[in-house]
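Trainee: Provide a 3D model corresponding to the input given below.
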Amino acid sequence: MIFQSLPEAIKFYKDYAEACGFEARMSTNRKANDETITRQYVVCNREGVWAKAKQHGVRINDSTSKKRKTTSCKVECKAKVIFKLAMGTWYQITQFFEGHTHSMVPLPARDLMPSNRNMEEFKQRFILFGIKANIGPMRSFRMFAEIMGSYEGIGSTPNNFKNFARDLKVHSKGSDAHMLLETFTNKQELGNEFKFFHDVEDDNKLCRIIWADETSIKNFRLFGEAVSFDGTYNTNRYKLIFTPFTGKDNHGRCVSFGAALISHEDTESYAWVLDKFVEIMGNAPRILITDQDPGLKKAVASRWKETHHRFCMWHINIKVAEKLPPRLRENADFKTMYDSIVWTDDDDADVFEEKWKYMIQEFDLSSNKWFNDMFKERSMWIPAYFRHISMSGIFRTTSSSESENSFFKRFINKTSDMVLLYTNFCSGLDAQRYNYKLTTHNDETRTPMMVTNLPIERNASVVYSNSVFKYVQDEIDHASKACGMHKMTAEGNDTYYEVDDKVDGVFLVRHAKTHDEFICSCNLFIRKGMPCKHLFFVFIILNLDSIPQKYLAVRWCKFSILCPNESYDLQPSSSRQPVSSWEVSIFKVVSEAIAHVRGNNELAEDLYNNVIEVRDRFAKNGSTDTPQFSKTRLFNEFYGAAPTDTPSVLPPDIAKTKGSGVGGRRKSEQEKAMMLAKKPKRLCRKCKT
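Mentor: Got it, this is the predicted structure:
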């Protein structure tokens, strides 16, 4: 046989191989002086001997090498064809060896042959979409099988999907820090308020970076009175500590104010992050709650001097059982007294100190170092020292940060490079903002049920977001049913109401008529920005139909009151590179067309033929990218930047986090005891008891 070109000849033999049930591959060739191929060998892919088999004896004698159960397709098959240049540019088959040393692949299994496995662009995009949502290649493979109707319909194997995901990570290796900074720079050049800062070590390796987009900055301006800050681990391949800044929105749900990555948990790194956060946001928050990290404590004290730094009460109280002497660990009286002293918001500082000293004497803890140390730092964590600070009651623990960290870990995994971590972070941010939009829409279109006939309750349901209204409604209901007037006195322009709360005791409400101010001794409005039941009781007896404007904290109001001139889509929710609108439109149109022909085979066939015709028409005039170039282009689009051989900033070293030398975070004695209690007991092998 004679062929007009070598590619045509090779394609012929590969088509023949596929029809027979074996694979063909290119082998050696011979070339003329002008590099023209004069002879080309095409062989069966099972030709030759497995390279490792030649070293088999050495491997057996090497007792130190790890043995792996591997296989090979090489069986010294002799089947081949030789194409020789003839008549200038034509190629002729000069030799053909048909005999194989193995059986052919049966027809039902031919979809598994390498020549029938393909990774078209739509499959690659599907995998990339999954990676953005932290969906691994195996789960993407199973989802794709459902879309195609069967595993056979995929035309690829799980390894093809896994190899593509592997190639994505290899694509950015060594350049991911440079690519991330390039992505951030491109965002800034678009003219929006995206801001970021980074710092490098002496060897030009990235060591810390912080960023926030336009919506995060706006959220901080609306809800940034109190911020929770806590680091989390295992979010990237470099083990950098991921530290998002978290607040609470007008629904009482977590909201992100940006995030940072640091390689060292020391004072210098934390101070740098705090400085840059202020540069991005314009000011520091009024309240900051963190764990007891000494480096962070020093950084806050030196950088945010006007901010009230508060320690997480949960992190402290989880250590109580461990620090107590054995005689008190099971003492219910001590636990009751301790909780009533530490957790209450009703006591002033001097009352707390008296109760604490009494507890120490009562249970003979005066020599306990940990309790003495905690008393010295009482102004950092006891609610009594924060009850006069505005919005200090929004956070008492870093549970919001823990919740935020847990939320983002659903989108981020420990194998992520720098750019992939940011991409996954943006996916989580999109989900958070979509949930905010959905909740806000429900607020604006749904009205909660009333539990009283009071006009002030109806007013509260109109102004407060539905989530916050539930708390306010409980206060109003309690005021109408469980509060009474104990005593009322007047002094000049001030009126004093002693409100008898049948549950919590008597509270004093002062009404300063000159400034029309209401002040309650429980300080709930100061601590959380919500009127307490005692204030509502006074409002009710004064026949107020609505909450006074002074006592309506706008940060808890519905979005139409919080931002009256804006839609609740503060900006396009996505922080990432969006999918081209025409791609989405084409997909929707094709999906709609499929829906129209479903159940009608004649129309379905007509649609299929039309789509094939359109595809072939654009194939002639469209992109002529090679598969490898197309994959590289997809990777660059996914990352938003291309790798380089000379990165301006190098990737960071693997960070050593706290507890990394002991196999993870240090666990308290209580946590160890809980884990030990869950451990199954050893049983006798014979009687199983």
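Trainee: for residue 518, helix, strand, or coil?
Mentor: The three-state label given to residue 518 by DSSP: H, G, I helix; E, B strand; the rest coil is strand.
Trainee: tell me where the stretch 501-650 of the chain has strands.
Mentor: Secondary structure of the stretch 501-650 of the chain (DSSP state E, counting those that start in this stretch): strands at 505-512, 517-520.
Trainee: of those strands, which is nearest residue 636?
Mentor: Ranking those by proximity to residue 636 (C-beta to C-beta) places strand 517-520 first, at 60.3 Å. Placement of C-beta: from N, CA and C, glycine included.
Trainee: for this structure, which spans come out with low pLDDT?
Mentor: Residue ranges of the chain with pLDDT under 70: 51-68, 568-581, 622-629, 659-671.
Trainee: tell me the domain boundaries of it?
Mentor: According to automatic domain parsing, the chain comprises the domains 2-110, 117-171, 449-562.
Trainee: could I get those as JSON lines with mean neighbour count and distance to residue 317?
Mentor: Below are those laid out as JSON lines (neighbours: other C-beta atoms under 10 Å; distance: least, C-beta to C-beta, whole Å):
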{"stretch": "domain 2-110", "mean neighbour count": "13", "distance to residue 317": "48"}
{"stretch": "domain 117-171", "mean neighbour count": "16", "distance to residue 317": "33"}
{"stretch": "domain 449-562", "mean neighbour count": "17", "distance to residue 317": "19"}
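Trainee: picking that back up, distance to residue 119 added to the strands of the stretch 501-650 of the chain, as a markdown table?
Mentor: Listed next are the strands of the stretch 501-650 of the chain as a markdown table, based on distance: least, C-beta to C-beta, whole Å:
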| stretch | distance to residue 119 |
| --- | --- |
| strand 505-512 | 70 |
| strand 517-520 | 67 |
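Trainee: between the ones you listed, which one is closest to residue 230.
Mentor: Distance to residue 230, taken as C-beta to C-beta, is lowest for strand 517-520 among the strands of the stretch 501-650 of the chain, at 32.0 Å.
Trainee: who does that closest one pair up with?
Mentor: strand 505-512 (antiparallel) (DSSP bridges).
Trainee: kindly format the C-alpha coordinates of the partner strand as CSV.
Mentor: Extracted as CSV, the C-alpha positions of strand 505-512 are listed here (Å, rounded to 0.1, in the frame of the first residue of the first chain):
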residue,chain,number,x,y,z
GLY,A,505,-34.0,39.7,89.9
VAL,A,506,-34.4,43.4,90.1
PHE,A,507,-32.7,45.8,87.5
LEU,A,508,-32.6,49.6,87.5
VAL,A,509,-33.6,51.5,84.4
ARG,A,510,-32.8,55.3,84.3
HIS,A,511,-34.7,57.5,82.0
ALA,A,512,-32.9,60.8,81.4
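Trainee: to residue 13, which of the strands of the stretch 501-650 of the chain lies closest?
Mentor: Between residue 13 and these, the shortest gap by C-beta to C-beta is with strand 517-520, which sits at 90.1 Å.
Trainee: quick one: contacts of the closest one?
Mentor: Strand 517-520 is contacted by residues 507-512, 532, 534-535, 538-539, 548, 550-551 when judged by C-beta atoms under 8 Å, 6 or more residues apart in numbering.
Trainee: did I read that right, residue 245 in a helix?
Mentor: No. Read with three-state DSSP, residue 245 is strand and lies in no helix.
Trainee: how close does it get to residue 392?
Mentor: Distance of residue 245 to residue 392, computed by C-beta to C-beta, to the nearest Å: 18 Å.
Trainee: still on that earlier bit, want to throw the domains of the chain into JSON lines with distance to residue 614?
Mentor: Listed next are the domains of the chain as JSON lines, based on distance: least, C-beta to C-beta, whole Å:
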{"stretch": "domain 2-110", "distance to residue 614": "25"}
{"stretch": "domain 117-171", "distance to residue 614": "15"}
{"stretch": "domain 449-562", "distance to residue 614": "44"}
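Trainee: between the strands of the stretch 501-650 of the chain, which one is nearest to residue 87?
Mentor: Among the strands of the stretch 501-650 of the chain, the nearest to residue 87 by C-beta to C-beta is strand 517-520 (103.2 Å).
Trainee: tell me who's in contact with residue 113.
Mentor: When contacts are counted by C-beta under 8 Å, 6+ apart, residue 113 touches 18, 21, 23, 105.
Trainee: nearest to residue 378, of these?
Mentor: Checking the contacts of residue 113 against residue 378 by C-beta to C-beta gives residue 23 as the nearest, at 75.4 Å.
Trainee: residue contacts, the residue nearest to that closest one when sequence neighbours are not counted?
Mentor: Counting by C-beta to C-beta, 6 or more residues apart in numbering, residue 23 lies nearest to residue 45, which is 3.9 Å off, once chain neighbours are set aside. Residue 45 makes contact with 22-25, 73, 114 under the criterion C-beta under 8 Å, 6+ apart.
Trainee: cool, residue 558 as well?
Mentor: With contact taken as C-beta under 8 Å, 6+ apart, residue 558 is in contact with 250, 440, 443-444, 462-465.
Trainee: can we see that at 7 Å?
Mentor: 443-444, 463-465 (C-beta atoms under 7 Å, 6 or more residues apart in numbering).
Trainee: export those residues to JSON lines and tack on distance to residue 368 and secondary structure?
Mentor: Formatted as JSON lines, the contacts of residue 558 follow (distance: C-beta to C-beta, whole Å; DSSP: H, G, I helix; E, B strand; the rest coil):
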{"residue": "443", "distance to residue 368": "49", "secondary structure": "helix"}
{"residue": "444", "distance to residue 368": "54", "secondary structure": "helix"}
{"residue": "463", "distance to residue 368": "49", "secondary structure": "helix"}
{"residue": "464", "distance to residue 368": "45", "secondary structure": "strand"}
{"residue": "465", "distance to residue 368": "45", "secondary structure": "coil"}
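Trainee: now do the strands in the stretch 201-350 of the chain.
Mentor: Ranges of strands within the stretch 201-350 of the chain are 206-212, 226-229, 241-248, 254-262, 287-290, 308-311, based on DSSP E, counting those that start in this stretch.
Trainee: can you report phi and psi for residue 491?
Mentor: When quoted as degrees, to the nearest 10, the phi and psi of residue 491 stand at phi -130, psi 100.
Trainee: name the element residue 468 belongs to?
Mentor: Here residue 468 sits within helix 466-482, counting by DSSP states H and E.
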